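Peer 1: turn this into a model:
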Amino acid sequence: MFVGAMKDNQTTGQLRLERVAHGYNEVAVLQELSLTVRPGELVVLVGPSGCGKTTLLNILSGFLTPSSGTVQTEGLVRTVYQQDGLFPWLTVRENIGMGLRAMKDKKRREQELQELLDLINLQSFQDHYPHQLSGGMRQRVELARVIAGDSDILLMDEPFSALDYQTRLRMRQELAFLLEKRPRTVVFVTHDIEEAVQLADRVLVLSPRPARISKELSIDSPRPRNPTDDAVVEAFKAILEELGLQIHR
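Peer 2: Numbers count the residues shown, from 1 in each chain. This is a model prediction of the structure:
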């Protein structure tokens, strides 16, 4: 059962799943999964390919109704996918403006738009179209668009996986910076363990399907984090061990 968004000053941005299960054509994908994500928390989901991470994200977004269990979201949800959702016929400025279209005050909307362009450092590209931008630039525009307006919760499905390694590193820093300026609750799906431990307040490791949470790891270190930070390295090792991916010499 999906419980619609409920506004509450104390709980806006909270997500809660209780005993959620789901399957496709009698193939069990999620098994009795319970989870609470606190307002302003960044939770990253990792696990084997095909274990149900994207299915879980689709249930959290309301796109998919679970076979059993309860899903509760408190706040406005927006989703960011691996392939950016920019409109190719709109400029950078116009794409970001789509996230502000509910804002009726034109002066405030213009101020907000300019601030977002400043935050992603693309002022000089504001009149460019998506095909004129690099992959990293397009992803920055996508982040600015989803952070614009009144969203409380961001669901991110491997948003940086199509980028090269150096660009992914920069985008992690960009995301950390944007969330510091404009806090949101985030559930982030990735196959990249380094990415998970650089970004997360908590990493949840999912088991092979039918998925359950096999390990929960809190990372108490300020963002942005360097891949060589002690907390990042230790968390990386712990997740590798849980996934059975230790390197033995």
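Peer 1: show me where this protein has strands.
Peer 2: Assigned by DSSP state E, the chain shows strands spanning 2-3, 14-24, 27-37, 42-46, 68-74, 77-80, 153-157, 185-189, 202-206, 213-218.
Peer 1: point out where the protein drops to low pLDDT.
Peer 2: 1-11, 83-84, 246-249 (pLDDT under 70).
Peer 1: remind me, longest helix of the chain?
Peer 2: helix 165-181 (DSSP state H).
Peer 1: output that one as CSV, nothing but the C-alphas.
Peer 2: In CSV, the C-alpha atoms belonging to helix 165-181 read as follows (Å, rounded to 0.1, in the frame of the first residue of the first chain):
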residue,chain,number,x,y,z
TYR,A,165,35.7,8.6,-13.4
GLN,A,166,37.0,12.1,-13.1
THR,A,167,33.7,13.6,-13.9
ARG,A,168,32.0,11.3,-11.4
LEU,A,169,34.3,12.5,-8.7
ARG,A,170,33.5,16.1,-9.5
MET,A,171,29.7,15.4,-9.6
ARG,A,172,29.9,13.8,-6.1
GLN,A,173,31.5,17.0,-4.8
GLU,A,174,28.8,19.0,-6.7
LEU,A,175,26.0,17.0,-5.1
ALA,A,176,27.5,17.4,-1.6
PHE,A,177,27.8,21.1,-2.2
LEU,A,178,24.2,21.5,-3.5
LEU,A,179,22.8,19.5,-0.6
GLU,A,180,24.7,21.6,1.9
LYS,A,181,23.2,24.8,0.4
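Peer 1: other SSEs contacting that helix?
Peer 2: With contacts taken as 3 or more C-beta pairs under 8 Å, 6 or more residues apart in numbering; DSSP states H and E, helix 165-181 sits against helix 106-119, helix 135-147, helix 193-199. No exception for glycine: its C-beta is placed from N, CA and C like everyone else's.
Peer 1: got the domain ranges for this protein?
Peer 2: Using automatic domain parsing, the domain parsing of the chain gives 2-76+152-242, 87-151.
Peer 1: kindly check the end-to-end length of the shortest one for me.
Peer 2: The stretch domain 87-151 measures 20 Å between its terminal residues, going by C-alpha to C-alpha, to the nearest Å.
Peer 1: closest one to residue 165 among the helices and strands packed on helix 165-181?
Peer 2: helix 193-199 (9.5 Å; C-beta to C-beta).
Peer 1: so what does the closest one touch, helix or strand wise?
Peer 2: Looks like helix 193-199 contacts strand 42-46, helix 165-181, helix 230-242 (3+ C-beta pairs under 8 Å, 6+ apart).
Peer 1: rewinding a little: mind putting the domains of the chain into a markdown table with mean neighbour count?
Peer 2: Shown next, in a markdown table, are the domains of the chain (neighbours: other C-beta atoms under 10 Å):
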| stretch | mean neighbour count |
| --- | --- |
| domain 2-76+152-242 | 18 |
| domain 87-151 | 17 |
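Peer 1: I figured residue 167 was touching residue 136, is that so?
Peer 2: Yes: using C-beta atoms under 8 Å, residue 167 is in contact with residue 136, at 4.1 Å.
Peer 1: and the gap between residue 207 and residue 116?
Peer 2: 39 Å (C-beta to C-beta, to the nearest Å).
Peer 1: beta partners for the residue nearest the centre of the chain?
Peer 2: The residue lying closest to the centre of the chain (C-alpha atoms, centre = their mean) is residue 156, at 2.8 Å. Counting by DSSP bridges, residue 156 is bridged to residue 80, residue 188.
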